[in-house]
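Novice: Have a look; sequence and predicted model below, questions after that.
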Amino acid sequence: MILLPDAGRTLVMGILNVTPDSFSDGGDFLAAEAAIAHGRRLLADGADLVDVGGESTRPGAERVPVEEELRRVLPVIRALAGDGAMVSIDTMRAEVAATAVGAGATIVNDVSGGLADPAMLDTVAALGACYVAMHWRGQSDVMHRLTDYHDVVADVAAELAGRRDAALAAGIDPGRLILDPGIGFAKTADQNWTLLAGLDGIAALGQPVLVGVSRKRFLGTLLDDRPPRQRDDASVALTTLLAQRGVWAVRTHTVRAHADAVAVVTRLRRGEASAPVE
């Protein structure tokens, strides 16, 4: 049985993009050997799990054929899972999810929450894998036009509740279901900040919460249009705040600083718990 990882603290999910066009590291780890070596570095730096993706979901990205997506990710998943690492597959396709789980992945991280492939939820349920359902309104080439919300926190929570219910109805075990508010997907910069401030509305849905903010554009906008790799300090600041709020996991490109931030929050909480009551 595949169990949802739980370390009693916020987990750190390392991003491993095996793509030529991801927004901050596209092409860096396209070769299988480079991707495997980077995955091992992420683990050595303190990643609890590694999220392997073979298709970019950056704004404007074009889809790749399923055969190419599989060619990119399978050698990496086999190698890292063979090392004993916990691996998730970042995909919107049921076929890729099934093949990746067969190769050793234990989590399916679907940015579409099952909307891009109608076979996804039934497939994940049959696999018995853990499943991340992200808030999503459309593919990368159109999502920038899908930012109309009455109340971004309430609307995202309601739409995610629908994906939660669909996943449970398909037979996905509630103990293996994670929700992701989809920071940066079909949201303006201001909407991202409002959603992060209102994250309790997502947690109230009753499932563990994964948050991915690493190097995203709304941080660049805040920091006078800094390029992606100059947004890492701001990303760590958010991880610290998210760990204080008890999210299940954060998804990041640079693991060590985020693992350190989580360690500090965890230790501080122990200190608070043991402090004498006056």
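Specialist: Sure thing, it's come through. Numbers count the residues shown, from 1 in each chain.
Novice: looking at this, Met13 is in a strand?
Specialist: Yes. Met13 sits within a strand when classified using DSSP: H, G, I helix; E, B strand; the rest coil.
Novice: who does the closest residue to it other than its chain neighbours bridge with?
Specialist: Spatial nearest neighbour of Met13, chain neighbours left out: Arg251 (4.4 Å); criterion: C-beta to C-beta, 6 or more residues apart in numbering. Glycine gets a C-beta too; all of them are placed from N, C-alpha and C. Beta bridges link Arg251 to Met13, Gly212 when assigned by DSSP bridges.
Novice: any idea which helix or strand carries Phe218?
Specialist: helix 217-222 (DSSP states H and E).
Novice: Could you do Glu67 as well?
Specialist: Per DSSP H and E: helix 66-82 holds Glu67.
Novice: Give me the helices and strands touching the very next helix or strand once past that helix, please.
Specialist: Using DSSP H and E, the helix or strand that follows helix 66-82 in sequence is strand 87-90. Contacts defined by 3 or more C-beta pairs under 8 Å, 6 or more residues apart in numbering; DSSP states H and E place strand 87-90 against strand 49-53, helix 66-82, helix 94-103, strand 107-110.
Novice: Determine which of the ones you listed approaches Val213 most closely.
Specialist: With C-beta to C-beta as the measure, strand 49-53 is the member of these nearest Val213 (14.1 Å).
Novice: residues in contact with Gly175?
Specialist: Leu3, Leu4 (C-beta atoms under 8 Å, 6 or more residues apart in numbering).
Novice: Try it again at 10 Å.
Specialist: Neighbouring residues of Gly175 by C-beta atoms under 10 Å, 6 or more residues apart in numbering: Met1, Leu3, Leu4, Asp6, Cys130, Gln207, Pro208.
Novice: Tell me who's in contact with the fifth one.
Specialist: By C-beta under 10 Å, 6+ apart, the residues touching Cys130 are 2-5, 49, 86, 88, 101, 105-109, 124, 172-173, 175-178, 208.
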